[in-house]
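> Here is a sequence with its predicted model. Questions after.
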Amino acid sequence: MNKNMLFGLAGLAVLASVVMFVVGADSSHLSELKDFFWVPLPLAAVLFWAGAKK
């Protein structure tokens, strides 16, 4: 994997986390998304770290 791909995937993980938080906050039926919005963040941190190391 190259550096740009790692940073792109990390950005997608952060974006997914933000979308989960926003959608979960707006809908009472999808409140689990707000409860677990932090789940993609460790993956994003690892991908950012791996991209920075390359």
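Yes, it's here.

> burial measure for residue 39, as a count.
13 (other CB atoms under 10 Å). Every C-beta, even on glycine, is put in place using the N, C-alpha and C of the backbone.

> For it, report the pLDDT, please.
Listed pLDDT for residue 39 reads 96.

> and residue 13, how many neighbours does it have?
Neighbour count of residue 13, defined by other CB under 10 Å: 19.

> Could you double-check that it sits in contact with residue 43?
Yes - Residue 13 lies in contact with residue 43 (CB atoms under 8 Å); the separation is 4.9 Å.

> elements contacting the helix or strand bottoming out on mean pLDDT in the chain?
For the chain, counting by mean pLDDT, DSSP states H and E, helix 31-35 ranks last in confidence among helices and strands (a mean of 93). If you count contacts as 3 or more CB pairs under 8 Å, 6 or more residues apart in numbering; DSSP states H and E, helix 31-35 packs onto helix 3-26.
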